[in-house]
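[1] show me how the following folds:
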Amino acid sequence: MGPTRMRILVATLLALAVLLGDGSAHADRVGRLVKILMTDPSYKVRLQVAITLGKLAGRAKNAVPALMATLRDSNETVQGVAAAALGQIGDPRAKKALKALIARTSNGFVKSQAQKALQRLGSYGGGGSGLATNTRFFVAVGPMSNKTGKGGKRLSKVFSSALTEAFSRVQGVATRWTGGSSRPSAAALRRRKIKGFMLDGAITALSHQQRGASVTVSCSIRVYLATYPGKSMKAFYSGGASTAVPARGFNPANAFGIYKDLIKGAATGAKQHIVQSYLSRQ
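    Residues are numbered from 1 along each chain as shown. Model prediction:
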C-alpha cells in the first residue's frame with residue numbers, strides 16, 4: 001500500500017472512531033482530521049477527508065472553519081467537496097464563505113456544490129431570522145417515547161433531536177417557526193401557504209447479541225407523520241439500525257454511546273423513508 005492510500009485509510013478509520021466512539025473523544029478525532037485536511041500534500045487525501053467530514057454531519061461542526069478555508073484549496077474538486085461538506089454539517093457560519101466562492105469561481109462543479117450547500121443551509125431558516133423562501137413544509141417533532149427500559153429520557157431526547165436535525169436538512173422543510181415560536185397556528189401556516197406536519201414515535205427495542213468475537217448492537221424505532229394541527233396520519237416508518245463491535249470489552253451497562261449513534265442513524269432512515277414515500281409527492 002502506497003503512502004497516499006495509507007493516509008486515506010487513516011482518515012477513514014478516524015471517521016469510524018468518531019461514529020462509534022463516545023462524545024468525549026469526538027473533538028480530538030475531528031481535530032486530527034482537520035489537521036490532515038489542512039496539511040496533507042496529496043489532494044486525494046484532502047478530498048477523502050472533506051468527504052468524510054461531510055458524512056459526519058453535525059459531529060464535525062468543529063471542522064467548519066477549516067472547511068471554509070478549504071474553499072480556497074489549490075484543487076477545485078477539493079473546493080467543491082468542501083462546499084458540499086459545509087452544507088451537510090449545516091452550520092450557518094459558512095454562508096458568507098460559500099457566497100464568496102460562488103462569486104469568484106468559474107468551475108461549474110464548484111459553483112453547483114456551493115449553491116446546493118447554501119440551499120441546505122437555507123432550510124435552517126425556521127429560527128428567529130425568518131423562514132427560508134423555499135419553505136413548503138413545517139415539521140414539528142413531538143416528544144419521543146422510549147419503551148425499552150434502557151437509557152430512559154436521555155435516549156428519548158436523543159431521538160427527538162436526531163429527527164429534528166435530520167428533517168431540518170431537507171430542502172423546503174422548516175422545523176422551527178419564526179420569531180422564536182416553536183409551533184405556528186393553522187392560520188399562520190395558511191398565510192404562508194405552508195403545509196404543517198407533526199412527527200410522533202418511539203424507540204421500541206435496544207438489544208445486543210454476541211456472535212463469536214463480535215457483538216451486534218441493534219435498535220428499532222417507529223415514527224408517524226401526521227398533519228398539523230389536524231393530526232391525520234399520512235406516513236409511517238418502522239425500522240432501525242445495527243452495528244458490530246468487538247465482544248472483548250463490551251459492557252451493556254456502558255452502551256449508551258453506541259445506542260445513541262444507532263438511534264441517530266435510524267432517525268436518518270426514518271427521514272429518508274418519509275420524505276421519499278410522502279413529502280416528495282406533495
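
[2] could you check the pLDDT of L13?
    Note on L13: pLDDT of 56.

[3] A267 too?
    94.

[4] again, but for T52
    pLDDT at T52 comes out at 85.

[5] pretty sure it sits against R32.
    No. Applying C-beta atoms under 8 Å, one finds T52 not in contact with R32, separated by 11.3 Å. Bear in mind the C-beta positions are built from the backbone N, C-alpha and C, glycine included.

[6] show me what counts as buried in stretch 91-108.
    Neighbour-count burial for stretch 91-108 flags 91, 94, 97-98, 101-102, 105 (criterion: 16 or more other C-beta atoms under 10 Å).

[7] which of the residues you listed sits closest to A253?
    Distance to A253 across the buried residues of stretch 91-108 (C-beta to C-beta) is lowest for D91, with 34.5 Å.

[8] please identify the buried residues of stretch 134-143?
    135-141.

[9] gap between the two ends of that stretch?
    Stretch 134-143 has an end-to-end distance of 27 Å (C-alpha to C-alpha, to the nearest Å).

[10] can you list the residues that contact that stretch?
    Stretch 134-143 has contacts (C-beta atoms under 8 Å, 6 or more residues apart in numbering) with 119, 122-123, 125-126, 156, 160, 163-164, 167, 171-175, 177, 182-184, 189, 192, 194-200, 225, 228, 279, 282.

[11] helices - which of those land there?
    When DSSP state H is applied, these are split such that 119, 122, 156, 160, 163-164, 167, 189, 192 fall in helices.

[12] buried ones only from these, please, as a PyMOL command.
    Here is the PyMOL command that selects the buried residues among the ones in helices among the contacts of stretch 134-143 (16+ other C-beta under 10 Å):
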select buried, resi 122+156+160+163+164+167+189
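
[13] from the buried residues of stretch 134-143, which two are the most distant?
    R136 and V141 (17.3 Å).

[14] before we move on, back to that, which one of the ones in helices among the contacts of stretch 134-143 is nearest S42?
    Q119 (30.5 Å).

[15] got a list of what that closest one touches?
    87, 134, 171.

[16] hmm, try it at 10 Å
    Going by C-beta atoms under 10 Å, 6 or more residues apart in numbering, Q119 touches 87, 132, 134, 171-172.

[17] what about T52 and R32, which has more around it?
    T52 (24 against 16; other C-beta atoms under 10 Å).

[18] in three-state terms, label that one for me.
    helix (DSSP: H, G, I helix; E, B strand; the rest coil).

[19] isn't it right up against A84?
    No. Applying C-beta atoms under 10 Å as the test, T52 and A84 come out as separate, 12.0 Å apart.

[20] run through the helices of the chain in chain order.
    Using DSSP H, helices in the chain cover 3-20, 23-39, 43-56, 64-70, 76-89, 95-104, 108-122, 152-168, 186-192, 256-277.

[21] show me what the third one is packed up against.
    Right, helix 43-56. Judged by 3 or more C-beta pairs under 10 Å, 6 or more residues apart in numbering; DSSP states H and E, helix 43-56 is in contact with helix 3-20, helix 23-39, helix 64-70, helix 76-89.

[22] show me what counts as buried in the second one.
    By neighbour count, and taking 16+ other C-beta under 10 Å as the criterion, the buried residues in helix 23-39 are 26, 29-30, 32-34, 36-38.

[23] ok, those vs N75, which is closest?
    L37 (12.0 Å).

[24] quick one: the nearest residue to that closest one once chain neighbours are set aside and A82, what's the gap?
    Computed as C-beta to C-beta, 6 or more residues apart in numbering, the closest residue to L37 that is not its neighbour in sequence is V49, at 4.4 Å. Going from V49 to A82 by C-beta to C-beta, to the nearest Å gives 9 Å.

[25] which residues are in contact with both of those two?
    Contacts common to V49 and A82, judged by C-beta under 10 Å, 6+ apart, are 37, 63, 66-67, 70.

[26] can you pick out the most distant pair from the residues you listed?
    A63 and T70 (9.3 Å).
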